[in-house]
Structure formats: C-alpha cells, structure tokens
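give the three-dimensional model of this entry:
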Amino acid sequence: MKRAFRKYHRTLAIIVSLPLLLTVLTGMITTILREWSLNTGISSKIFLKIHTGEIFHLQAIYPILNGLGLIGLLVTGLSMSGLFGKKSPSSAKG
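Residues are numbered from 1 along each chain as shown. The predicted structure follows:
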C-alpha cells in the first residue's frame with residue numbers, strides 16, 4: 001500500500017510543483033513590491049494576475065486546482081508517514 005502511495009505522491013508532486021511554486025513566488029513578489037514600495041519598473045499588478053491565474057484565464061479554477069493538489073499531497077504524505085497506522089497490541093500487555 002505504501003508503495004502505491006509513494007507512486008501517487010511522486011506523480012502528484014511533479015504535476016503540482018510548478019503551479020504552487022508560481023503561486024508562492026508571485027505572492028511573495030507582489031507583497032514585497034507593495035509593502036516596501038520598491039520601484040523595479042514592473043508593476044505588482046502583473047505579478048498579482050499571475051498569482052491568481054488571471055493571466056491564463058484560469059482565475060475561477062486555479063485556486064481550486066492548487067488546493068486539491070495540496071490536499072492530495074497531504075493525504076498521500078501522511079498515509080506514508082505511519083502516523084495513522086495501527087497501534088501495536090504489545091504495549092497493552094502488562
């Protein structure tokens with residue numbers, strides 16, 4: 001079972017990594033440009049459009065896809081961690 005989850009986790013991580021990286025980086029850049037009033041010659045609005053998926057006309061589904069990808073990574077990652085495995089009955093003996 002863990003082998004299957006590793007396979008799914010690896011595949012999902014490859015698919016989700018680029019959109020998540022894009023979301024994180026553009027969110028950070030937008031915040032830095034707005035809060036620190038840096039004049040880079042590039043408007044923070046373009047980074048915000050990339051951040052929300054508006055530049056790709058995906059603003060309605062982009063956050064949902066990012067969220068579903070993260071949930072999938074959490075489920076497969078936690079299932080492989082063994083945190084929710086069966087407790088061994090050896091500790092009940094006494």
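
just the element for Ser79, please.
Element membership for Ser79, per DSSP states H and E: helix 62-81.

my error: substitute Ser37 in the last question.
Under DSSP H and E, no helix or strand contains Ser37.

excluding chain neighbours, what is closest to Leu12?
Nearest non-adjacent residue to Leu12, counting by C-beta to C-beta, 6 or more residues apart in numbering: Gly72, 5.0 Å away. Where C-beta positions appear, they are placed from N, C-alpha and C, glycine not excepted.

thought that neighbour was touching Ile15?
No. Look at Gly72 against Ile15 with C-beta atoms under 8 Å: they stay out of range, at 9.3 Å.

quick one, helices of this structure?
2-35, 44-52, 62-81 (DSSP state H).

so which of the ones you listed is the most packed in?
Between those, helix 44-52 has the highest mean count of neighbours, a mean of 17, where neighbours are mean count of other C-beta atoms under 10 Å.

ok, Tyr8 to His51 distance?
Here Tyr8 is placed at a distance of 27 Å from His51 (C-beta to C-beta, to the nearest Å).

show me what contacts the closest residue to Val16 other than its chain neighbours?
Here the nearest residue to Val16 in space, its sequence neighbours aside, is Gly69; by C-beta to C-beta, 6+ apart that works out to 3.5 Å. Contact analysis of Gly69 by C-beta atoms under 8 Å, 6 or more residues apart in numbering lists 12, 15-16, 19-20.

quick one: low-confidence parts of the protein?
Low-confidence segments of the chain (pLDDT under 70): 1, 85-94.

repeat that with 50
Applying pLDDT under 50 to the chain flags the ranges 94.

test my guess that Ile50 contacts Thr26.
Yes. Between Ile50 and Thr26 there is a contact under C-beta under 8 Å: 4.7 Å.

quick revisit: relative to helix 44-52, how tilted is the helix holding Ser79?
50 degrees (axes from the mean of the first three to the mean of the last three C-alpha atoms, to 10 degrees).
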